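Undergrad: The following comprises the amino acid sequence and a computationally predicted model.
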Amino acid sequence: MLKYEIVKGRCVALRDFSDIKAGDFGGFVDDGCLSHDGICWVYSNARAVGKCYISENAYVDGHAHVDGHTHIYGNAHIYGYAKVYGNAQICGNAQICGDAQIYGDAVVLDNVVVRGQAHVTGIATGYAKITENLNRQALCLTGLDWQITVTDDQIRIGCVCKSKMWWNSADDIEIKALDPRALEFWKKNKKGILGLC
């Protein structure tokens, strides 16, 4: 069953779903960019153009702009003046807002929040909060005992996300309290991890 039609470049709901009522106007959408399944939607002045695809429970709101061959899905939210383009994928519970830009072959997933003036072109995963202080892409390392994500102000090892200052100054007791294997791992990898910052 069709969920919307495009009228003068804007999506118009054909049935009620989520907080949308039949007849509500949404944002600017090119044909084929918005799925008819799920509760995904493009709101207000947001744009979904080109060959992008928004599906499942994802939404684009505000003045956000999604373009290129991007795929926005899961429970992802793109809003504010954020721009997502290139071949980027945004999924999980990720949020892209403010003036953030996600592009290239970027992948942003899990519970990552990208905001402010941040630009992401790599992989951001886990619970990272990437803000206007980011001046390079987030780094994600796999293949060790725990996955590691490094941004400009935080390091996430496994499910523990702390500031770089905390990781740099934590003593053996604090590290060992995280996990029985953490102290040995940290002693072996501390210099290399902190060197990525």
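TA: Looks like it came in fine. Numbers count the residues shown, from 1 in each chain.
Undergrad: can we go C-alpha only for contacts and neighbour counts from here?
TA: Fine.
Undergrad: got the contact list for the nearest residue to Gln154 once chain neighbours are set aside?
TA: The shortest distance from Gln154 to any residue other than its chain neighbours is 4.3 Å, reached at Ser163 (Cα to Cα, 6 or more residues apart in numbering). The contact partners of Ser163, by Cα atoms under 8 Å, 6 or more residues apart in numbering, come to Asp153, Gln154, Ile155.
Undergrad: Report pLDDT for Ser163.
TA: On pLDDT, Ser163 comes in at 86.
Undergrad: Next: Gly116.
TA: For Gly116, the predicted pLDDT is 82.
Undergrad: counting contacts, what elements does the top helix by length along the chain pack onto?
TA: Using DSSP state H to assign secondary structure, the helix with the most residues in the chain is helix 182-195. When contacts are defined as 3 or more Cα pairs under 8 Å, 6 or more residues apart in numbering; DSSP states H and E, helix 182-195 sits against helix 172-178.
Undergrad: which outside residues touch stretch 34-53?
TA: Under the contact criterion Cα under 8 Å, 6+ apart, stretch 34-53 has outside partners 1-4, 11, 17-18, 25-30, 32-33, 54-72, 79.
Undergrad: buried set for it?
TA: By 16 or more other Cα atoms under 10 Å, the buried positions in stretch 34-53 come out as 34-36, 39-53.
Undergrad: what's around Cys11, how many residues?
TA: Number of residues near Cys11 (other Cα atoms under 10 Å) recorded here: 25.
Undergrad: Quick check: which helices or strands does the helix or strand where it lies pack against?
TA: Following DSSP states H and E, one finds Cys11 within strand 10-13. With contacts defined as 3+ Cα pairs under 8 Å, 6+ apart, strand 10-13 has these neighbours: strand 4-7, strand 25-29.
Undergrad: Within the sheet, what are the partner strands of that strand, with directions?
TA: In the sheet containing strand 10-13, its partner strands are strand 4-7 (antiparallel), strand 25-29 (antiparallel), by DSSP bridges.
Undergrad: Just the residues contacting the first one, thanks.
TA: Taking contacts as Cα under 8 Å, 6+ apart, the residues outside strand 4-7 that touch it are Cys11, Val12, Ala13, Leu14, Arg15, Val29, Asp31, His36.
Undergrad: rerun that using 10 Å as the cut-off
TA: Residues from elsewhere that reach strand 4-7, judged by Cα atoms under 10 Å, 6 or more residues apart in numbering: 10-16, 22-31, 34-36, 41.
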